[in-house]
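>>> need coordinates for the following:
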Amino acid sequence: MHALPRRALRSVAWPARAVERQHRASASAWDGHQTPTSLRQLGQALTAARAQFTAARYQDLGEALPGLLGTAQATRDALSGRAREEAHACVARAWVLATELALKAHADVAWPAADRALAAAQAGGDPVVQGEAARVLAITMRRAGRPAAAVGLLRRTAGSLTQDRDDVSRAVAATLLMTAAYTAACGRRRSDALDLMTGAEDTVSRLAGAGIRPRTPLFTVDATSAQVDLYWIGVHTALGTPDEGVPYAARIVAGLLPTVERRARFGTDCAPACGTTSATTAARSRPCGSLSRWRRRKRAGPRCGR
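Below is the predicted model of the structure:
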């Protein structure tokens, strides 16, 4: 995980307090203090919050989250039928963002936030949102010392999505397999990690020609060949064999990765193999040096802060 600025770390206290208040609240969101809004306006607010996350504006996101969470839940509670299902998805996405921000600071609040994200996602029924909620919950499980359970959750969720037989669900399943592979790698389960990554890569290769993109974008991971390569680097680094990630790093043009957050991840994952601050900086704008230079670097241990 790349380090957060001190001000951004302070902002994580906002979603932490939001979760604590939600646990004390009644079924009515935020003790009735929040005013419902339209689904259109709620969607716009979520889009703005997602943009803050992908641009690594974590302080701004932390300040916006309490109001966003409260408004999303109040809006859901005021609706019924199909509109309520859509609002459930909005609530889930807001809690996913809260979890993502808490994970950046390794905050304990990440697990209850992820639990709420998954519960709302399941109520809404959108496979994209369900997949992302399961992904962030699995990350919190891994960091709590339960990597096997996290891999199991991701496998089950991916399996249920592929049964839907539509390309969007399969794309989401591929992202879950990538996360499962990295989780297995952090537990030094090499065979499982490589099998899961191979499955994700095969799924993405079958989707690439169709130009499939979920109608509701995932927050940090898409089913693309560049994301597969990025995860291969992370998996091999976590396994303690970063040299094996060289071919994948060579294929990535960091400047073409879709978000600041993903470009920062590329730089972080290249750092163990590159070994120097200057190389890490270079990795943020281009592949991590030449292959021959990377191979000469000594191997580094796993860094499982993804």
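
>>> distance check, the nearest residue to Ala78 once chain neighbours are set aside against Arg84.
Nearest non-adjacent residue to Ala78, counting by C-beta to C-beta, 6 or more residues apart in numbering: Pro36, 4.1 Å away. In this view, the C-beta of every residue, glycine as well, is placed from N, C-alpha and C. Distance of Pro36 to Arg84, computed by C-beta to C-beta, to the nearest Å: 11 Å.

>>> next: Ser160.
The value you get for Ser160 to Arg84, if C-beta to C-beta is used, is 22 Å.

>>> swap in Val136?
23 Å.

>>> and those two? Which one has more around it.
Per other C-beta atoms under 10 Å, whichever of Val136 and Arg84 has more neighbours is Val136, with 26 against 16.

>>> contacts for stretch 144-163 next, please.
If you take C-beta atoms under 8 Å, 6 or more residues apart in numbering as the criterion, stretch 144-163 is touched by 111, 127, 130-131, 134-135, 137-139, 141-142, 169-170, 172-174, 176-177, 179-180, 183-184, 186-187, 189, 192, 196.

>>> please disregard the earlier target; I meant stretch 201-210.
Residues from elsewhere that reach stretch 201-210 (C-beta under 8 Å, 6+ apart): Asp167, Arg170, Ala171, Ala173, Ala174, Leu177, Ala223, Thr224, Ser225, Gln227, Val228, Trp232.

>>> list the buried residues in that stretch.
Within stretch 201-210, the residues that qualify as buried are Glu201, Thr203, Val204, Leu207, counting by 16 or more other C-beta atoms under 10 Å.

>>> with stretch 255-271 instead?
Buried, per 16+ other C-beta under 10 Å, within stretch 255-271: 257, 259, 261-271.

>>> from those residues, which land in helices?
In this view, the buried residues of stretch 255-271 that belong to helices under DSSP state H are Glu261, Arg262, Arg263, Ala264, Arg265, Phe266, Gly267, Thr268, Asp269, Cys270, Ala271.

>>> quick one: low-confidence ranges for the stretch 151-300 of the chain?
164-165, 208-220, 272-300 (pLDDT under 70).

>>> list just the nearest of the ones in helices among the buried residues of stretch 255-271 to Ala56.
Glu261 (5.5 Å; C-beta to C-beta).

>>> my guess is the closest one meets Ala56, correct?
Yes: with contact defined as C-beta atoms under 8 Å, Glu261 counts as touching Ala56 (5.5 Å).

>>> can you classify the nearest residue to Arg265 once chain neighbours are set aside as helix, strand or coil?
In this structure, Arg265 finds its nearest non-sequential neighbour in Leu230, 6.7 Å apart by C-beta to C-beta, 6+ apart. Of the three states, Leu230 takes helix under DSSP: H, G, I helix; E, B strand; the rest coil.

>>> what's the neighbour count on Leu230?
26.

>>> close enough to count as contact, Arg188 and Thr241?
No: contact criterion C-beta under 8 Å: Arg188 and Thr241 do not qualify, at 10.9 Å.

>>> where's the residue nearest to Ala78 relative to Tyr248, distance?
For Pro36, the distance to Tyr248 - C-beta to C-beta - is 46 Å.

>>> same question, Ala149
Counting by C-beta to C-beta - Ala149 and Tyr248 are separated by 28 Å.

>>> list the residues that contact Val129.
Val129 neighbours (C-beta under 8 Å, 6+ apart): Ala89, Ala92, Arg93, Val96, Ala121, Thr216.

>>> comparing Ala149 and Tyr248, which residue is more hemmed in?
Tyr248 (21 against 14).

>>> for that one, grab phi and psi.
Main-chain dihedrals, Tyr248, degrees, to the nearest 10: phi -70, psi -40.

>>> and which of the buried residues of stretch 201-210 is nearest His236?
Nearest member of the buried residues of stretch 201-210 to His236, counting by C-beta to C-beta, is Glu201, at 13.4 Å.

>>> ok, now how distant is that closest one from Leu153?
According to C-beta to C-beta, Glu201 and Leu153 sit 21 Å apart.

>>> and what of Leu97?
For Leu97, the distance to Leu153 - C-beta to C-beta - is 20 Å.

>>> looking at these two, which is more packed in?
When Leu97 and Leu153 are compared for neighbours, Leu97 comes out ahead with 27 against 21, by other C-beta under 10 Å.

>>> now do the buried residues in stretch 64-80.
64-66, 68-77.

>>> from what I see, Arg135 and Tyr182 are in contact.
No: applying C-beta under 8 Å as the test, Arg135 and Tyr182 come out as separate, 10.5 Å apart.

>>> neighbour count winner among the two?
Set Arg135 next to Tyr182 and count neighbours by other C-beta under 10 Å: Arg135 wins out with 31 against 28.

>>> apart from its chain neighbours, what residue comes closest to that one?
In space, Arg135 is closest to Thr179, 5.1 Å off (C-beta to C-beta, 6+ apart).
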